[in-house]
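Asker: Structure for the following, please:
(one chain, ligands or ions: 4)
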Amino acid sequence: MSPDPQTKEIASVQQVLGACPHDCPDTCALVTTVQDGVALRVQGNPAHPPTAGVLCNKVSHYVERSYHPERLLQPMKRVGPKGSGRFEPVAWDVALDDIARRLGAIAARDPQAILPYSYCGTMGLVQGDGMAARFFHRIGASLLDRTICASAGAEALTQTLGGKVGMKVEFFAEAKLIVIWGSNSIASNLHFWRLAQEAKRQGAKLVCIDPRRSETAEKCHEHLQLLPGTDAALALALMHELVANDWLDHAYLEAHTLGWDALRERALRWSPERAAAVCGIPAQQIRDLARDYGTTKPAAIRLNYGMQRVRGGGNAVRAVACLPALTGAWRHRAGGVLLSNSGWVPADRAYLQRPDLLAGRQPRTINMVTIGDDLLRPASPAFGPAIEAVVVYNSNPLAVAPESGKVVRGFAREDLFTVVLEQFRTDTADYADYLLPATTQLEHWDVHPSYGHTDVLLNRPAIAPVGQARTNTDVFRALAARMGFDEPCFRESDETLCRHAFGDKVDFEVLLRQGFASLQVPDAPFAEGRFPTASGRCEFFSERLARQGLDGLPDHVPNYEAAGSPRAIRWR
Ligand SMILES: Nc1nc2c(c(=O)[nH]1)N[C@H]1C(S)=C(S)[C@@H](COP(=O)(O)OP(=O)(O)OC[C@H]3O[C@@H](n4cnc5c(=O)[nH]c(N)nc54)[C@H](O)[C@@H]3O)O[C@H]1N2
Ligand SMILES: Nc1nc2c(c(=O)[nH]1)N[C@H]1C(S)=C(S)[C@@H](COP(=O)(O)OP(=O)(O)OC[C@H]3O[C@@H](n4cnc5c(=O)[nH]c(N)nc54)[C@H](O)[C@@H]3O)O[C@H]1N2
Ligand code: SF4
Ligand SMILES: [Mo]
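Answerer: Ligands and ions are numbered 1, 2, ... in the order given. So this is what the prediction gives:
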C-alpha cells in the first residue's frame, strides 16, 4: 500500500495530557493536541470525571495565551526610570550573573533583606514553590505569609473540622438541597455548577446566599440577598430554628461534636427576627431556609471564598461549617459542607520546599497583603532590615495587593532591586530591574493538587519553551548554581520533583498513564465523626482559640462599617 500523505500528517499529531494551572477549585485535566511541535488546541480531558471533557471559556483559549504576540520571549533589563516599562534585551547569562551577584551581596549583609513574592499564577507544586522555596530557604530570605485569598476561611475550617477538608464534590449531584453560600459558581466554579444542575434535574432545591443578585443567584430557586458580612448571624439563626423545631441529630451531636451546650445557648439568642434585622432580609426567609435545611436529606452546602473577605469572615465560615453536624448531614455522602479539599492532598512539602535548608535560622515573616507598607518601611529593631530586593514569580502584586497606591510607591523605590518572572508585561513587570520570560503550562512539567475535587493531576510539557522562556525552576536552579549552593536538591529535574511531590501516596505511573489519580478519601468522610481535629470531633468550641483569649465559639462579628449604614444601603 502506498503511504497516504494524510496518514503521515495524522501520525505526527500527538495528544499530551496536562492540568489547568489556574487558581480555581475545578483543577481541570487538559488534553493538548500538538502537531510538529506546535500546539493546536487545548481541550478538557473526557476521561477525567470532574472535568468531563469541558473547559471554561478562558482556558479553552490557552493556546492563544501561549503564542500571544505580547508574550515575553527574552530576558529584559530596565533602562528607563522605575515603572516606565522601558527595557532592553539582555542575554540570559548576563542577567543571571548580575542577579546572583546582587542577591549575594545583599544576603552577605542580611539575607532577610531579600523577599520572595509569589502567589497562585500557577497552582503547580513544582513551578509554584518547589525549587523557589528551596532557593530562598537556602538564602535565609524573609518568609512570605500568603494570606491574600483564603486565610480566614482556611483557619475557620481547621478550627472546626480539623483541616481544609469536606465533602467529595461529585456527590453534590445526589443532594436534595444545595445551599450555595458566598459563591458565584457559574463564574468561578463552573464544574460544580454542572453537578448542581444534575441534582436540580433530580429534584433538588438550590438556594443561593449572596448580597448580589449574581448570575448564580439568578438561576437558583431561592436567593437570600443578605447584607455583606452578616452570614454568621444568618447561620446562628438557622441553628436557633433547628433547635426550636428539634430538627437535630441528637446522636450525632452527642457522639461527634464538642461544645454543643455552649453553641446551643448562643444560637438561642439569635431569633430569626434578630438575624433578619442584622442581615436585612425577611425573618420568614430565614425560617423557610431552616425548614428546608432541617428536613431535607441529604443537604449539602457549597461555600466559597467570597463570603470570608470581611471582618467577621472567619467566624462566618466557622458558623456555617458547624451546621452539618447539627442535623447529622455528614452521615450521607451527599451531605455536609465543602469550602476546600486541599487538606486531603498528601503533598510532601518538606521534600519540595526543604525548610531544613534554613539550618536553624528563623527569618521574619512578611504578610503579602502589607507589601506596600513593608516596602516603604525603614530598618528598625521591630521590623528588621529594610527590604532591598524582591523576587516576584507567579504573582502580580501591583494589581492584586491591597492599597495599590502604596504598593506602587514601594516598587518605585530606586534603591529596590526587583526581579520579575512573568509570561506577560504586567503592572508589576513594569517595575522590574530584570524581567525574565517564564514558560506557560504548555511548556513545563508540574503536578497539581485540587481544592475543589479529590484528584491530583500531572502536567506534561506539550511543546518546547516559546522564544527564550525558561521555567521558574530553571531560573532558581541557575541562580543557586551561581551562588554556590551545591546541595544535590538544586540539581533535581522537574520530572523528579513531580515524581516525588506526593511521596509514596500517589502512584506516579498512574499519573503518567492517565494524567490524574484519585486520592483515598472516604465517600462520606465524617459519617462516623473521625474529624482530623485534636478531639476527633467537630469542634463547635475551640479550646485553641479560647486559650489565645479569643471567643471559643463562632459569633457574628460585625463589619467595621455597620451593615445597614447609609453607605452600605446605597451600595446595595
Ligand atoms: N472565571 C474565574 N474563576 C475563578 C477566578 C477568576 O479569576 N476567574 N478566581 C479563582 C479564585 S482565586 C477564587 S478565590 C475563587 C473565588 O470564587 P468565589 O468565592 O465564588 O467568587 P467571588 O466572586 O470572590 O465571591 C462569590 C460571591 O460572594 C459574594 N459575597 C461577597 N461578600 C459576601 C458576604 O459577605 N456574604 C456572602 N454570603 N456572599 C458575599 C459576592 O457577591 C460574589 O457573588 O474563584 C476562582 N475561580
Ligand atoms: N484587584 C483585585 N485584587 C485581587 C483580587 C481581585 O479580584 N481583584 N482577587 C484576590 C484573589 S482571590 C487572589 S487568589 C489573588 C490572586 O493573586 P495572584 O496569584 O498574584 O494573581 P494571578 O493574576 O492569578 O497570577 C499572577 C501572575 O502569575 C503569572 N503566571 C502564571 N503562570 C506562571 C508561571 O508558570 N510562571 C511565572 N513566573 N508566572 C506565571 C501570570 O501571568 C499572572 O500575571 O488576588 C487577590 N487580589
Ligand atoms: S474551570 Fe477552572 S480549572 Fe477548569 S479550565 Fe477553567 S480555570 Fe481551569
Ligand atoms: Mo483567590
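Asker: What average pLDDT does stretch 346-362 get?
Answerer: Per-region confidence: stretch 346-362 scores 98 on mean pLDDT.
Asker: Can you give me the first-to-last residue distance of it?
Answerer: Stretch 346-362 stretches 26 Å from its first residue to its last (C-alpha to C-alpha, to the nearest Å).
Asker: repeat for stretch 195-214
Answerer: OK, stretch 195-214 end separation, C-alpha to C-alpha: 18 Å.
Asker: could you measure the residue lying closest to L157 once chain neighbours are set aside against R212, distance?
Answerer: In space, and not counting its chain neighbours, L157 is closest to K164: 5.3 Å by C-beta to C-beta, 6 or more residues apart in numbering. Where C-beta positions appear, they are placed from N, C-alpha and C, glycine not excepted. The gap separating K164 from R212 is 26 Å, by C-beta to C-beta, to the nearest Å.
Asker: With W247 instead?
Answerer: 29 Å.
Asker: okay, the two: which has more neighbours?
Answerer: For W247 versus R212, the count of surrounding residues by other C-beta atoms under 10 Å is larger for W247: 17 against 14.
Asker: How much space separates the more buried one from T440?
Answerer: W247 is 51 Å from T440, where distance means C-beta to C-beta.
Asker: For the stretch 51-200 of the chain, which segments count as helices?
Answerer: 62-66, 92-109, 131-139, 151-161, 185-188, 190-201 (DSSP state H, counting those that start in this stretch).
Asker: Counting neighbours, what do you get for A251?
Answerer: Counted with other C-beta under 10 Å, the neighbours of A251 add up to 10.
Asker: Sticking with it, tell me its helix or strand.
Answerer: Using DSSP states H and E, A251 maps to helix 250-256.
Asker: that older thread, the residue nearest to L157 reaches V345, doesn't it?
Answerer: No: contact criterion C-beta atoms under 8 Å: K164 and V345 do not qualify, at 9.0 Å.
Asker: any shared contact partners between the two?
Answerer: By C-beta atoms under 8 Å, 6 or more residues apart in numbering, K164 and V345 have no common neighbours.
Asker: Centre of the chain to stretch 286-297, how far?
Answerer: Its chain's C-alpha centre and that of stretch 286-297 lie 31 Å apart, by C-alpha atoms, centre = their mean, to the nearest Å.
Asker: Say whether ligand 1 is contacted by that stretch.
Answerer: No: among the residues of stretch 286-297, none lie within reach of ligand 1 under C-beta under 6 Å from any ligand atom; the closest is 12.6 Å away.
Asker: got the buried residues for that stretch?
Answerer: Neighbour-count burial for stretch 286-297 flags I286, R287, D288, L289, A290, D292, Y293, G294, T296, K297 (criterion: 16 or more other C-beta atoms under 10 Å).
Asker: Residue numbers of the stretch 151-300 of the chain in contact with ligand 3?
Answerer: So the stretch 151-300 of the chain meets ligand 3 at L190 (C-beta under 6 Å from any ligand atom).
Asker: which sections of the stretch 151-300 of the chain are below the confidence cut-off?
Answerer: Scanning the stretch 151-300 of the chain for pLDDT under 70 picks out nothing.
Asker: near ligand 1, which residues of it?
Answerer: So the stretch 151-300 of the chain meets ligand 1 at 181-184, 187-189, 209-212, 214, 228-229, 231 (C-beta under 6 Å from any ligand atom).
Asker: Just the residues you listed: which are in strands?
Answerer: Residues of those located in strands (DSSP state E): W181, I209.
Asker: Which one of the residues of the stretch 151-300 of the chain next to ligand 1 sits in the busiest neighbourhood?
Answerer: D231 (29 neighbours).
Asker: which sections of the stretch 451-572 of the chain are below the confidence cut-off?
Answerer: 562-572.
Asker: which bits of it sit near ligand 2?
Answerer: So far as C-beta under 6 Å from any ligand atom goes, the stretch 451-572 of the chain lies against ligand 2 at N472.
Asker: Same question for the stretch 251-400 of the chain.
Answerer: Near ligand 2, when you scan the stretch 251-400 of the chain using C-beta under 6 Å from any ligand atom, you find Y393, N394, S395, N396, A399, V400.
Asker: Would you list the buried entries among these?
Answerer: Judged by 16+ other C-beta under 10 Å, buried ones among these: Y393, N394, S395, N396, V400.
Asker: Identify the residue spatially nearest to the first one, adjacent ones excluded.
Answerer: Nearest residue to Y393, sequence neighbours excluded (C-beta to C-beta, 6+ apart): L421, at 4.1 Å.
Asker: number of nearby residues for the one you found?
Answerer: By other C-beta under 10 Å, the residues close to L421 number 28.
Asker: which element is it on?
Answerer: Judged by DSSP H and E, L421 forms part of strand 417-422.
Asker: Summarise which helices and strands that strand is packed against.
Answerer: Contact analysis of strand 417-422 by 3 or more C-beta pairs under 8 Å, 6 or more residues apart in numbering; DSSP states H and E lists helix 92-109, strand 389-393, strand 434-437 as its packing neighbours.
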